[in-house]
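Undergrad: I need the structure of the sequence given here:
(chains A, B, C, D, E, F, G and H)
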There are 8 protein chains.
Amino acid sequence: MSIQDHYEDLGFAKIDHSRKARNGFSEVVFCEGKTPDQVTQIAQSILKHQDNLLATRADAAHFAAVLAIASDASYDERARVISVIRYPITQIGIVAVVSAGTADQPVAEEAALTAEALGCHVNRFSDVGVAGIHRLMAVIDDIRRADVIIAVAGMEGALVSVLGGLVDIPVLAVPSGIGYGANFGGVTTLLAMINSCASGVAVHNIGNGFGAGYMAATICRQIDRRIREAKGEQ
Amino acid sequence: MSIQDHYEDLGFAKIDHSRKARNGFSEVVFCEGKTPDQVTQIAQSILKHQDNLLATRADAAHFAAVLAIASDASYDERARVISVIRYPITQIGIVAVVSAGTADQPVAEEAALTAEALGCHVNRFSDVGVAGIHRLMAVIDDIRRADVIIAVAGMEGALVSVLGGLVDIPVLAVPSGIGYGANFGGVTTLLAMINSCASGVAVHNIGNGFGAGYMAATICRQIDRRIREAKGEQ
Amino acid sequence: MSIQDHYEDLGFAKIDHSRKARNGFSEVVFCEGKTPDQVTQIAQSILKHQDNLLATRADAAHFAAVLAIASDASYDERARVISVIRYPITQIGIVAVVSAGTADQPVAEEAALTAEALGCHVNRFSDVGVAGIHRLMAVIDDIRRADVIIAVAGMEGALVSVLGGLVDIPVLAVPSGIGYGANFGGVTTLLAMINSCASGVAVHNIGNGFGAGYMAATICRQIDRRIREAKGEQ
Amino acid sequence: MSIQDHYEDLGFAKIDHSRKARNGFSEVVFCEGKTPDQVTQIAQSILKHQDNLLATRADAAHFAAVLAIASDASYDERARVISVIRYPITQIGIVAVVSAGTADQPVAEEAALTAEALGCHVNRFSDVGVAGIHRLMAVIDDIRRADVIIAVAGMEGALVSVLGGLVDIPVLAVPSGIGYGANFGGVTTLLAMINSCASGVAVHNIGNGFGAGYMAATICRQIDRRIREAKGEQ
Amino acid sequence: MSIQDHYEDLGFAKIDHSRKARNGFSEVVFCEGKTPDQVTQIAQSILKHQDNLLATRADAAHFAAVLAIASDASYDERARVISVIRYPITQIGIVAVVSAGTADQPVAEEAALTAEALGCHVNRFSDVGVAGIHRLMAVIDDIRRADVIIAVAGMEGALVSVLGGLVDIPVLAVPSGIGYGANFGGVTTLLAMINSCASGVAVHNIGNGFGAGYMAATICRQIDRRIREAKGEQ
Amino acid sequence: MSIQDHYEDLGFAKIDHSRKARNGFSEVVFCEGKTPDQVTQIAQSILKHQDNLLATRADAAHFAAVLAIASDASYDERARVISVIRYPITQIGIVAVVSAGTADQPVAEEAALTAEALGCHVNRFSDVGVAGIHRLMAVIDDIRRADVIIAVAGMEGALVSVLGGLVDIPVLAVPSGIGYGANFGGVTTLLAMINSCASGVAVHNIGNGFGAGYMAATICRQIDRRIREAKGEQ
Amino acid sequence: MSIQDHYEDLGFAKIDHSRKARNGFSEVVFCEGKTPDQVTQIAQSILKHQDNLLATRADAAHFAAVLAIASDASYDERARVISVIRYPITQIGIVAVVSAGTADQPVAEEAALTAEALGCHVNRFSDVGVAGIHRLMAVIDDIRRADVIIAVAGMEGALVSVLGGLVDIPVLAVPSGIGYGANFGGVTTLLAMINSCASGVAVHNIGNGFGAGYMAATICRQIDRRIREAKGEQ
Amino acid sequence: MSIQDHYEDLGFAKIDHSRKARNGFSEVVFCEGKTPDQVTQIAQSILKHQDNLLATRADAAHFAAVLAIASDASYDERARVISVIRYPITQIGIVAVVSAGTADQPVAEEAALTAEALGCHVNRFSDVGVAGIHRLMAVIDDIRRADVIIAVAGMEGALVSVLGGLVDIPVLAVPSGIGYGANFGGVTTLLAMINSCASGVAVHNIGNGFGAGYMAATICRQIDRRIREAKGEQ
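TA: A predicted model of the protein is given here:
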C-alpha cells in the first residue's frame, strides 16, 4: 500500500486527514447520530489542519456548538448544512440543481451547498416538475449549460427521465423522500429513478443531496484536472 | 335483494348471464388456468345466449378448441385475445391507447381489443415514451380527441405523468410489466404510476390491459347513456 | 409545442395558470410540506387570477394563514381541506362517495369536497362495509344513480369488489390507510384493490381522496362536454 | 416428558408412529422434495402399522411408485393427492369447501380430500366469487349447515370477508395463489385475508389446502369428542 | 336474500343489530380511530338493545366516556378492553391462552377477555416460550384439556410449532408484534406462523387478540350447538 | 427428558434457573417491554440465586428501580446495560469488538459489555470503516489476536467482508441499524452481511449487540472447556 | 419547443434520429422483447443514417438476423452485444471497468463494449473482490489513471465502497445480479451500493452494464467538450 | 500493508494462494456461474500448489471436467460438492449437523462435507424437526458432545430456537430454502432464525451449507490453536 495515510484519533472517531490527498476533498462531517460535542471536536480537528469545514445533517444544537469554536460559521437551516469557509476554493465547473416541487428544495439545497463548498458554480432551477412540462421547457437551455445536472424529485420522479431525454450531459438523480401513500418515504421514487428509460442517468440514496453534490464536484474536478493537463499546467 | 339474478351452472363454473343487465357487458372469459375444454364449454354457454364472445389470456390451444365450436372465431396472438362477434356492437365513444415502447404493445393491444369489443372506437399511439418527448408532442393533439386515454408503459412509467399533465380527460394507467433489474416484473412501474404527480390518473394491475379496456368502455358507456338521456332517448 | 403556456414564478414555486385551459381545473394546492406562508402566497396568486381556491392536506396553521388574506375561506378539519369559492361552479355530474367504516370518513370527505369544488353533485354513503352486507344492499339502488362511484375502504378493501360486481358505472377505489397489523398503513388494501376480481375498477394511492375526487370530476366533465357537443352547444 | 413417543428411523426420515396418539391423525406424507423411492419407503412404514395412507403434493411418479406397493392406491391428479384407505374412518363432522373460481379448485380439492380422509363429510361449493354475489347467496343456506367452512380464493380474496359476515361458524381461509400482476403468487390474497374485516376467520398458507383440511378435521374431531363425552361414551 | 337484516343508522356508523342472529354474537366495538363520543353513541345503541358490551383497542378517554353512560363498565388497561356485562353469558367451552413471554401478555389478555365475554372458560399459561422448553412441558397436560388453544408469541413464534406438534386440538396463532431488528413489528412472526411445520394451526393478524378470542368462541359455540343437538335440546 | 429443569414462577414471568446448567450462563434480562417493577422482581429472583445480573435494553427508569434493590448496580447509558457483578467471573477468552463509525458504538458497547459480563476479555476498535481503509489496516494485527471478532457496522456493512477476508478467526456480524434513505433501519445492512463474499462470517439481528456478545462468549467458553479437558482438568 | 426533432416511424417503433444531436449518441437498440425482424428493421434505419450500430441484450437469433443485412456486424456472446462500426469514433477519455468476480464479467463486458463504442478507451480489471483485498491493491494505481470507474459486483457489493474510499474520480456502481439465497437477484447488492459509506459513487440498475457504459461516456464527452472549449476548438 | 500477499492471475480469475496463510484454509471453488473449463483451470492452479481441492455448487459437467485432470476426484451429487483429498487433513474438532426434514439434507450435507474437508469430525442428525419433538429429545445428548452445531431447517425454522434453548455450545443456523406458499424460498426461515428467541445462535445465508461448514471449522480451528498454545505446542 503505497499511500502515506494518516489520521487523528479522537477515541470516538478517527479523523482522516489523508482523505484530501486521496479523494480530493477533506472529510465532510455527517452530524446525524453524533452529539454536538463530538461534532465540535471533529470540526476543531479539521479546522486546525487549515481546511474549510462542511457539516451536513446538522441541527440547531450542532450549529450552536460549532459557532462557539468558529464564530465565522454559517448555517442553512433548510438544508441543515454548516460551513466554515476560510480558504479560497478553486472553481472547477458548473452544476445545475433542478428540483421538481417546493417540498424537494431542502434536499436540492443540500446538494447545491455541497457542490458550492467543493468549488462548483451552482445554478438552481426549482418547481419544474413534469405535471406542467412547459415550466421545464422554459429553462431547459439554461440547464444545458452545466457540466453536470443534479435532479431532485419525489413522488414518481418522472422529472429525471424527461430531463435525461433532453440533454447530453450527466444527470445525477436524487429521490427527495417527498410523497405519500405508497411512496414509502422515497423508495418508490428511488426504484423509479433506477428504472429510468433515459440514458446518462445514475442514482443516489433517498435524500442524499450531499452525495449528489459530492459526485457532481468529483466529475467537475476531473474535467478541471484534464483541462489543466491539456494546457500542460499540472 | 331485488335483482333478478340467474346463472348457468357447469359444475366447474357458474356462467353469470345476469351480468350484462347488472354490469352492462357479458362475462368475459379469462382463459389462464382453465383447460381448453373448460373454455369451450363456457364459450358455448355464452354464445347460445345470443352474446358475442370475448376471451382473454388465451393460448393457441384455447383458440383451437374454441374454433372447433365457432368457426367464425378470430385470434390475436400478440394480445392473446379470442373474439366471436355475431351481433352488432353499439358504438359508445373514443379511446386512445398510448404505449411507451415496442415491448409494451401486447398489453396495449389487449386493452384496445377489449375496448373495441365493448363498443369503443380505438386510436392507437405506439412508441411515444418520454426518453424522446418530441414523439409524444407530435401526436398529443390527436390523443386529446378521445373520451378516455389508456396509457401503457413499463420501466418507470413516466409517460403517464407527462400525459396526465398535458390533457384534461381521464387517463387509465397500465404497467406493462416490461423492465429489467429492479423493475420486479412491473411492480416498480405500478408504484410509480400510483404515485404520479399528475391528476386525473387512475391505475390498473400489471399487464391488465383487459381491465383498462373494460374501465374505458364503462366510462364511454356512461357518457353514451347520459347523452341519450339528455336527448330524451332512454 | 403549440400550447400557449404561462406561469407565475414565486421563486419557491411556479404557479401554473395555464392548467385550467390545459387540464380543465385550476391548480389545487397540496399543503403538506409547504409553510403557511408559502401556501398563502400561492393562494394569493391563484385568487388574483379570478379562480376559486382548493387546498388539501391543510392543517390549522395553513388555514389561519389563508384566512388572514381571504376572510371567506372555509375549512373542513376532518378532511383537512380549505376552500374559497367566489365564482359559480358549473354543475357537471353526480358522484357517489361510498365508505366502508367510520374511520374511513376523512379520506372519503377529502374526495367528496374535491369533487364538489370541481362541480360535481356528491351523494355520501357511510359505514356500508361487507362484514354486514345488508347495509350495502339497502342503499345500492341509490348508489347506482351516480355517474362515477368513489369507494373508500381500509383493511382488505372487499367493499370495492362487491360494489364492482353490483354496478355498471366506473368505480374509483381509494385505500383509506385504515387497518392494523399486517395492513402496513394501507399497502395491503391497495394491493387487494389492484387485484380486485371485479371489472370497471381503477385505483388511487393510499389516502388519496383528492386524486379520486379529481378523477371523478374529470370523468363527469367529459360526460358534460359530450352532452353539450351532442346538443350542439360547444 | 411423560408421553411414550416412538418412531421408525429410515435413515433419511424418522416416521412418527406416535403422532396418531399425540395429534389424533397419522403422519400425512408431503411428497414435494422427496424421491418416489423415499415416498414409497415411508408409505410402507405407515401401511404396515395398520394405518390408512394420505400423501399430498404427489406427482405421477410418486403415484406410480406407491401403486407398485399398494395396488389399491388411488390418485387425484388435480389435487395431487394419493390415498390408500384400508380401515374404516370414523365420521366426525361436516365441512363446507367453498371456492371463488374455477382455477381455485385444485387447492379446494386438496382441502376436501384431506378432510374426507380424516373423517369429515365434505360439501363442495364452486365458482361463487363475489364479482357475482347472487351465486353465493343462492347456496349460503346450504353452506351454513357445516361445522367448519374452508374458503379458497385467489386475487383479492374478498369471498372470505363476505362469507365471514354471513355465517356464525368458523371460516378457514386459504389463498389459492391464483392471480396475476401484483398478486405475487398469492401474497396479496394472504395479506388481504389476514386483514379481513369479518370476525370468525383464521388463515392458512398460500395453496395449503392440506393445512385447512387438517384444521377443519381437528375442529370436527373436538366436536365429536365432546359430544361423546356429553353422552358419556368416552 | 332471505335474512331479515336491520341496523340503526347513527350517521357516522350503522349499528348492525342483526349480527347476533347472523353471526352468533353482538357487534364488538373497535375503538381505534373512533372518537370517545362516537364510541359512546355506539355503546348506547348496543346497550339499549339488551346486549352486553365489548369494546377493544380502547384508551383511557374512551373508557371515561363510556363510564359516563354506563357506571358498571369495567376496563382492562393492559388489554385495552372495555366491558359491560349485564346479561348472563351462556358457558360454551374451554380456551387455553398460551403466551411465550411477558411482553406478549397484552395481546394474550385481549384474546382471553374476548373469549370470556363470549362465554368461554379461559385458562391462561404465561411465559412458556421455547427458549426454556421445560416450562412448556410442565403445563402441557393442562393445556390439552381445552377445546381450543390460542398461542400468542413474538420474535420467531416457535411456540406455535412446538405446541402444534404436542396436541390434537385446534391451535389459533397470534403474532404479538413483539420483537426487534428484523422482526418488522410482527411481520416475521406472522410469516413464520403461516409457515409452521405443525398441522392443526391457523393464523390471525398481528396483535389481533380479539380475532383469536372470537374465533375460539365461534369454535366453542359450534361444539356447544352440536352437543345440544345431540342431546335433542335444540 | 433427562434434564432436571426448574424455574421460579413470578406470575408474569417464569425465571429459568436451570439455564446456567443447561446453556452455561444465567438468564439475561431483556428490559424492553417490561415495566421497571417487573424488571426489579426478575432481578431479585436472579440475585437471590447467587448469580450476577446482566440486563439489556434498560432505560433510566429500569436502572433507578434496580438501584433501589441493588445499590451496587452500574449502568452504561449509551449501551443501555445494567450490571450487578457480585461473584467472580471466570476468564474464558479474548473478543475483539470492531465498529465502523461513531454512531455504531452503542450497539458495539452492548456487545462488549455482554461479552465482558460473561467472562471474555474485550478489545475495542472504533471508527475503522472501509471508506478510509488505512485506519483498519493500522489495527488489523491487534484484531487478529482475539478468539472471536464482533464486527458492528451500519450503511452497507462492507467492514464485515473486508475483515472476513483478512483474518482466520470467526467473525460475528451485527448490523447497527445506522443508515439513512434506503437503509430501512438496518435491513439493507443485514442483507448485505448475510450476502458477504467473505467466509467465516455469521450474522445477528439488527442492533443485537447482546446476541453477538453472548455468541462470542459461547465460543470462548467452548475453547476454555476443551483446553481444560486437554489439560485433564474437567 | 425550439428543438428540431425528427424520427422515422416504423409502425412498431419510432427511430429517434435527433437523439445524436440532442443526447450526443445515436439510439442504442435494446433487443430484449423485440423480434429478430424488429431489431433488423431498426438496425437498417440506423445504418442508413450513416451511424454506427450498437445493440445490447442480443441473443444468437438477433445476431443472425442483423448479420444478414450487415455482414460486418460483430457479436460478443458473453456480453450479448452486437456492433457495426463503419465510421471512426472520436476518442474522448479513459474508463476503468473493475469487476469483483469471474461471474460478474458479462455485465462488466456490456459496460466496457458500450463505453468503447461511444469513444472511450477502456481498461479492464477482473476478479479483484474484497475477500482478498491485496488483489485490488495490486492494481489500484492503474485504476486511478481513468476518468471514470465502472465497478461491477454481486453479493454484498463491498468492492464499491472500498474503491470509493481509495480514489478521487467518479465511481459508477453496477450490481451484477450475481449472488444466492437472500441476494434476490441483485436487489441486496443494489441496496448496499445505494447505501455505500464512500462518497463519489452513483448507482445503476441491476445488470445495467449498458447504462454505466453510457454514463461513463457522457462524463468523458463532457470532459472532452470542455478541453476543446478551453483550447478554443469548439 | 505489511502482508506478503500473492495470487496467480488466470485472466478471468485471480487464484488467491495466500488465503491459506491469511484465512487458514485454501480457496474453495464456488462453481455456480463458472464454466467447466474455468473450474478446471482454477482446480489445476490449486492442486499444483500442493493443496486439497474443495469445489461447491458443482454440477455433473463440472465434475466430468475436473475428473479429466484429477482421476482421484470424488463427487457428492446431492450436496453438489467435488473434493480431491491428496494431503492429510489435521483433525480439529467435532461438528454436529442437525437437519429438520428429509428435504433439508442437501444443504446439511454441503455443510457436513465442507466441515469434513476442513478437518472436522462430523456427526449427522436427520429429520428431527419440532413437529415431533421427541425425535430431537432422543438424540440431544449426542448433539451436545460437539464443539459447534450446524442446524439446517426450512419452513419456520423453529428447530433452531428449540436447539438453542437446550445446549450451551454455538449454534450456526442455515435456512434450507425448503418451504412453500409464503416461505419465499427461505426468506421467512432466514428472518425467523435471525429473530430466534434463543441465545448462542448466529445465521448464514439461505442454502449456504458451505458458509456454515466453513464457520464451524473456523471455530474448531481456533479451539485447536488455543489447545496447542495451552500445551505449549505452537
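Undergrad: what's downstream of the helix or strand bottoming out on mean pLDDT in chain A, the next helix or strand?
TA: Ranked by mean pLDDT, DSSP states H and E, the weakest helix or strand in chain A is helix A:19-23, scoring a mean of 69. Under the assignment DSSP states H and E, the closest C-terminal helix or strand after helix A:19-23 is strand A:29-30.
Undergrad: Neighbours of A:Asp9, how many?
TA: By other CB atoms under 10 Å in any protein chain shown, the residues close to A:Asp9 number 13. Where you see a C-beta, it was placed from the backbone N, CA and C, and this is true even at glycine.
Undergrad: Quick one: the strands in chain A, in order.
TA: According to DSSP state E, chain A carries its strands in the segments A:8-9, A:14-15, A:29-30, A:53-56, A:74-76, A:81-84, A:93-99, A:120-125, A:148-153, A:171-175, A:201-203.
Undergrad: Show me what the fourth one is in contact with.
TA: Okay, so that is strand A:53-56. A:26, A:28-31, A:39, A:43, A:46-47, A:62, A:66, A:70, A:73, A:80-84, A:110, A:113-114, A:117-118, A:210 (CB atoms under 8 Å, 6 or more residues apart in numbering or on different chains).
Undergrad: And the third one, by the same measure?
TA: Contacting residues not belonging to strand A:29-30 are listed as A:39, A:42-43, A:46, A:53-57, A:210 [CB under 8 Å, 6+ apart].
Undergrad: List the pairing partners of that strand within its sheet, with orientation.
TA: Strand A:29-30 has the following sheet partners, assigned by DSSP bridges: strand A:53-56 (parallel).
Undergrad: thinking A:Ala64 is in contact with A:Pro36, fair?
TA: Yes - counting by CB atoms under 8 Å, A:Ala64 touches A:Pro36, with 7.0 Å between them.
Undergrad: quick one, which of those two is more surrounded?
TA: The neighbour comparison of A:Ala64 against A:Pro36 (other CB under 10 Å) goes to A:Pro36, with 18 against 13.
Undergrad: got the contact list for the more buried one?
TA: Contacts of A:Pro36 (CB under 8 Å, 6+ apart): A:61-62, A:64-66.
Undergrad: about what we covered before: just curious, which of the contacts of strand A:29-30 is nearest to F:Val122?
TA: A:Ile42 (25.5 Å; CB to CB).
Undergrad: What count of nearby residues applies to the nearest residue to that closest one once chain neighbours are set aside?
TA: Of all residues not flanking A:Ile42 in the chain, A:Val29 sits nearest, at 5.4 Å (CB to CB, 6 or more residues apart in numbering or on different chains). When neighbours are counted by other CB under 10 Å, A:Val29 registers 24.
Undergrad: beta partners of A:Val29?
TA: Here A:Val29, judged by DSSP bridges, has bridge partners A:Ala55.
Undergrad: State the distance from it to D:Ala138.
TA: Counting by CB to CB, to the nearest Å, the gap from A:Val29 to D:Ala138 is 71 Å.
Undergrad: Retrieve the pLDDT associated with the closest residue to A:Val128 other than its chain neighbours.
TA: Closest residue to A:Val128 in three dimensions, ignoring its sequence neighbours and counting by CB to CB, 6+ apart: A:Leu136, at 4.3 Å. Note on A:Leu136: pLDDT of 96.
Undergrad: Against B:Arg144, how distant is A:Leu136?
TA: In this view, A:Leu136 and B:Arg144 are 20 Å apart by CB to CB.
Undergrad: How about A:Met193?
TA: 29 Å.
Undergrad: residues from chain A in reach of chain B?
TA: A:100-101, A:129-133, A:155-158, A:160-162, A:164-166, A:179, A:181-183, A:188-189, A:191-199 (CB under 8 Å from any CB of the partner chain).
Undergrad: Give me the neighbour count for the closest residue to A:Asn52 other than its chain neighbours.
TA: In this structure, A:Asn52 finds its nearest non-sequential neighbour in A:Ile85, 5.1 Å apart by CB to CB, 6+ apart. Using other CB under 10 Å, A:Ile85 has 14 neighbouring residues.
Undergrad: backbone phi and psi for A:Ile85, please?
TA: Here is the backbone geometry of A:Ile85 (degrees, to the nearest 10): phi -110, psi 110.
Undergrad: Now do it, the pLDDT please.
TA: 91.
Undergrad: So it sits against A:Leu47, correct?
TA: No - checked against CB under 8 Å, the pair A:Ile85 and A:Leu47 is beyond contact range at 11.1 Å.
Undergrad: still on that earlier bit, which of the contacts of strand A:29-30 lies closest to D:Ala230?
TA: So of the contacts of strand A:29-30, ranked by how close each gets to D:Ala230 (CB to CB), first place is A:Arg57, at 69.1 Å.
Undergrad: check contacts around the closest one.
TA: Per CB under 8 Å, 6+ apart, neighbours of A:Arg57: A:30-32, A:80, A:210.
Undergrad: Name the member of those with the most neighbours.
TA: Counting by other CB under 10 Å, top hit in the contacts of A:Arg57: A:Phe210 with 26 neighbours.
Undergrad: And the pLDDT at it?
TA: Note on A:Phe210: pLDDT of 97.
Undergrad: Show me which helix runs longest in chain A.
TA: helix A:209-230 (DSSP state H).
Undergrad: list the buried ones in that one?
TA: A:209-227, A:230 (16 or more other CB atoms under 10 Å in any protein chain shown).
Undergrad: And stretch A:51-58, by the same measure?
TA: A:51-58.
Undergrad: Over to stretch A:145-162?
TA: Within stretch A:145-162, the residues scored as buried using 16+ other CB under 10 Å are A:146-162.
Undergrad: next one: stretch A:42-51
TA: For stretch A:42-51, by 16+ other CB under 10 Å, it's A:42-47, A:51.
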